[in-house]
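Trainee: Got a predicted structure here, sequence first:
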Amino acid sequence: MSDRVIVGAIGGAFGVQGEVRLKSYCADPQAIADYAPLYSEDGRAFAQIVLTGQLKNGFTARIDGVVTKEDADALRNTNLYAERAVMPSLPDDEYYYADLIGLTVVDTGGATLGTVKNVMDHGAGDLLEITTPGQAETVLLPFTQAAVPTVDLTAKRIVADPPDGLFASDD
């Protein structure tokens, strides 16, 4: 999937005519339809997406091959990916979530804190979910300039200056 970037997710059926609820993760939410064909994680391709309306947290849409409510419900919680080649290039201080996952996180002294497992956005700003060595629990680090001053995709690492106590050790 490294040649693809997550751009949205299907929330399930909207009505009984095969329309779906569609959540867009794009900077310009309506642009999701421009990146077709979109793909599911299992490789299913959706050649055309037509936005048919706007909802509070996304859109209603018609998708190739989805013609009944049952078809739409079967796609509930399906992530949608676009080919990286059709995505716009980003400014230096912006990143695709897919590029951050798997990066090593080090503190400002160079000590390894963990690895980025996921990037989440619950509406109040992005959070990096970090797995830490020897810990079952993950740590959520705010993805802000203050907490994450450096992202080096070439070196595959992030330099973090986390708030005190976030990465508490059992020493």
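Mentor: Alright, I've got the coordinates.

Trainee: How is the protein partitioned into domains?
Mentor: The chain is divided into the following domains under automatic domain parsing: 4-86, 97-160.

Trainee: State the distance spanning the first to the last residue of the shortest one.
Mentor: Taking CA to CA, to the nearest Å, the first and last residues of domain 97-160 lie 17 Å apart.

Trainee: Show me what counts as buried in the longest helix anywhere in the chain.
Mentor: Counting residues, the longest helix found in the chain (DSSP state H) is helix 69-74. Residues of helix 69-74 classed as buried by neighbour count (16 or more other CB atoms under 10 Å): 69, 72. Quick note: C-beta positions are derived from backbone N, CA and C, even for glycine.

Trainee: Heading C-terminal from it, find the next helix or strand.
Mentor: Downstream of helix 69-74, the first helix or strand assigned by DSSP states H and E is strand 78-83.

Trainee: elements contacting that following strand?
Mentor: Applying 3 or more CB pairs under 8 Å, 6 or more residues apart in numbering; DSSP states H and E, one finds that strand 78-83 contacts strand 4-14, strand 38-39.

Trainee: contacts for that strand?
Mentor: Defining contact as CB atoms under 8 Å, 6 or more residues apart in numbering, one finds that strand 78-83 is touched by 1, 3-10, 32, 35-41, 46.
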